[in-house]
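In: Predicted model and sequence below, questions to follow.
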Number of protein chains: 2
Amino acid sequence: MVTAARSVKTISLLIVDDHQMVRDGIKVMLESQQGYYKFDITESDSGEDAINKVLRKNFDGIIVDYQMPGISGAETVKSIMMYRPESKILALSNYDELSYISNMLNAGAKGYVLKNIEPSQLLLAIQNILEDRPYYSNEVAVKLLDAERNNIRTGTPESYGLTKREMEILKRIALEMTNDEIASDLKIAKRTVDSHRQNLLNKLHVKNTVGLIKAAYEFKII
Amino acid sequence: MVTAARSVKTISLLIVDDHQMVRDGIKVMLESQQGYYKFDITESDSGEDAINKVLRKNFDGIIVDYQMPGISGAETVKSIMMYRPESKILALSNYDELSYISNMLNAGAKGYVLKNIEPSQLLLAIQNILEDRPYYSNEVAVKLLDAERNNIRTGTPESYGLTKREMEILKRIALEMTNDEIASDLKIAKRTVDSHRQNLLNKLHVKNTVGLIKAAYEFKII
DNA sequence: AAATTCTTAGGTATTTATGCGTACTTTTGT
DNA sequence: ACAAAAGTACGCATAAATACCTAAGAATTT
């Protein structure tokens, strides 16, 4: 820990979130952590506004919410990176959904934190991304590791070990068929379809039908 | 044909295209057709610039190119419509790709014409969109009809009459949240979420969660 | 002020999906 | 021929979703 005297550095930050409350929350968090840093904060309530502001001023760091009306957070990040590729962007979201995370990171965000973050952690996250190092909330890191481990990036039915039969079931689920309907379509017992469906849930690491359909999109069978 | 005397009306137009040549071409076309109209033309070479100009001045009509570096035409239209929902926008493109067309129309463009349009047709298109009527090039109309016939949905949440709240619910369903989880997330009763979900099923004309998720993909909220 | 839409919530019932087992048969690879 | 994997089938229990209602208060629009 560096405890010796150090000049106070002013950091210009742009906070992009459609909720006033969230923006205020971040400001309060940062103020509470203000030690060696002084933050010069600008706010945007939309991706469009943020892009305009970025075009006019170069910020040291930018915090972008994922879900916003109009241009999404990921699209906002993409645009910002197009104009200012050196931007240090921290993604902020309520959700640790893998698709959200990878959208943001692929768009160019350096880090991804959840909104339930502790003030000290937020400061840490900002410090890291300002120095071009990644920073993720714990939950986010876990998801990314899990994705890596399970080879989710490649996203083929084979990489999950799905059998032909299971693919047939998945296709029919994606056609909005119930297990009963699938059973009579394939001329097998409903119980069997239940089993296959259970196996699909396990193999794909998802918790319900929604996850199955999203996987079906990944596999491009929809 | 109205040939009687009629006062010359000045129409302010904003032309958004990254190519000088295209902008000049449109200007020449409009001048050649200048009869009862006089055009006061402003130019933008990018979506960002267009948005700035729209914020400063209210144009009678706006012509937006699809392909531009930086913010795309569709995103530009979306932004413009956010600030000035009454804007009359005509999309302009070299291509009659269905995805381009529906992106532009969903973003809020009133019409879509190809760049090989005849001057007289361009004037007609502008006249139509200024009066809030749709206008499409022949090729475009054909594509749209074909899409309609094949039941390819080019839907927006609005076209199904979804409310903001219903969209919030749908987003959370797409996050694999159960109704119980959504309820506590939004701090409302599970039964309320049940109701919203039921309304979503009805409005989207689908029979189960699978249909909801497919709709969510169409709406690009996944 | 009246009408309409949205959001909220609940009643009641049925259908469907999920979780965790077991077990037998068929197919596949070696 | 043998082992492993896949497919088939079922029990039992609970969780979740769907269907079809009503209805009150809030917010918007007319």
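Out: That came through, no problem. Just so it is clear, the structure is predicted and the values come from calculations on it, not from any experiment.
In: Please enumerate the helices of chain A.
Out: For chain A, the helices defined by DSSP state H occupy A:20-32, A:47-56, A:73-83, A:98-107, A:119-130, A:138-149, A:164-174, A:179-186, A:190-204, A:209-218.
In: Show me what the mean pLDDT comes to for the fifth one.
Out: What it means is helix A:119-130. Helix A:119-130 carries an average pLDDT of 89.
In: again with the shortest one
Out: Here helix A:179-186 scores 87 as its mean pLDDT.
In: who's in contact with it?
Out: Helix A:179-186 has contacts (CB atoms under 8 Å, 6 or more residues apart in numbering or on different chains) with A:Glu168, A:Ile169, A:Arg172, A:Ile173, A:Met177, A:Ala189, A:Lys190, A:Thr192, A:Val193, A:Asp194, A:Arg197. Where you see a C-beta, it was placed from the backbone N, CA and C, and this is true even at glycine.
In: hang on, the earlier thing: would you single out the least confident of the helices of chain A?
Out: Across those, helix A:138-149 has the smallest mean pLDDT, namely a mean of 72.
In: What parts of chain A come near chain B?
Out: For chain A, the contact set with chain B under CB under 8 Å from any CB of the partner chain comprises A:46, A:48, A:51-52, A:55, A:67, A:70-71, A:75, A:79, A:82-83, A:95, A:97, A:99, A:173-176, A:178, A:206-211, A:213-214, A:217, A:222.
In: Test my guess that A:Gly70 contacts A:Glu48.
Out: Yes - in this structure, A:Gly70 is within contact of A:Glu48 by CB atoms under 8 Å, at 5.9 Å.
In: Now do the shared contacts for the two.
Out: With CB under 8 Å, 6+ apart as the test, A:Gly70 and A:Glu48 both reach B:Ser79, B:Met82.
In: related to what we said a few turns ago, buried ones from the residues of chain A next to chain B, can you make that a ChimeraX selection?
Out: Selection of the buried residues among the residues of chain A next to chain B in ChimeraX, burial being defined by 16 or more other CB atoms under 10 Å in any protein chain shown:
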select /A:46,48,51,52,55,67,70,71,75,79,95,97,173,174,175,176,206,209,210,211,213,214,217,222
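In: now, the most widely separated pair of the contacts of helix A:179-186?
Out: Using CB to CB, the contacts of helix A:179-186 span at most 16.5 Å, a distance reached by A:Ile173 and A:Ala189.
In: Enumerate the residues of chain A near DNA strand D.
Out: Chain A comes close to DNA strand D at residues A:161, A:163-166, A:186, A:188-189, A:191-192, A:194-196, A:208, as judged by CB under 7 Å from any atom of the strand.
In: Please repeat the previous calculation with a cut-off of 6 Å.
Out: Proximity of chain A to DNA strand D (CB under 6 Å from any atom of the strand) is limited to residues A:Gly161, A:Thr163, A:Lys164, A:Arg165, A:Glu166, A:Ile188, A:Ala189, A:Arg191, A:Thr192, A:Ser195, A:His196, A:Asn208.
In: The last one and B:Glu176 touch, don't they?
Out: Yes - distance between A:Asn208 and B:Glu176: 5.8 Å, which falls inside the contact criterion (CB under 8 Å).
In: before we move on, back to that, in a markdown table: the contacts of helix A:179-186, plus distance to B:Asp24.
Out: Listed next are the contacts of helix A:179-186 as a markdown table, based on distance: CB to CB, whole Å:
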| residue | distance to B:Asp24 |
| --- | --- |
| A:Glu168 | 58 |
| A:Ile169 | 59 |
| A:Arg172 | 56 |
| A:Ile173 | 55 |
| A:Met177 | 57 |
| A:Ala189 | 71 |
| A:Lys190 | 68 |
| A:Thr192 | 68 |
| A:Val193 | 64 |
| A:Asp194 | 66 |
| A:Arg197 | 61 |
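In: Buried residues in stretch A:48-63, which are they?
Out: In stretch A:48-63, counting by 16+ other CB under 10 Å, buried: A:48-55, A:59-63.
In: if we can go back for a sec, which among the residues of chain A next to chain B are in contact with DNA strand C?
Out: Answer for the residues of chain A next to chain B near DNA strand C (CB under 6 Å from any atom of the strand): A:Thr178, A:Lys207, A:Asn208, A:Thr209.
In: Quick check: of the buried residues of stretch A:48-63, which lies closest to chain B?
Out: Nearest to chain B out of the buried residues of stretch A:48-63 is A:Glu48 (CB to the nearest CB; 4.4 Å).
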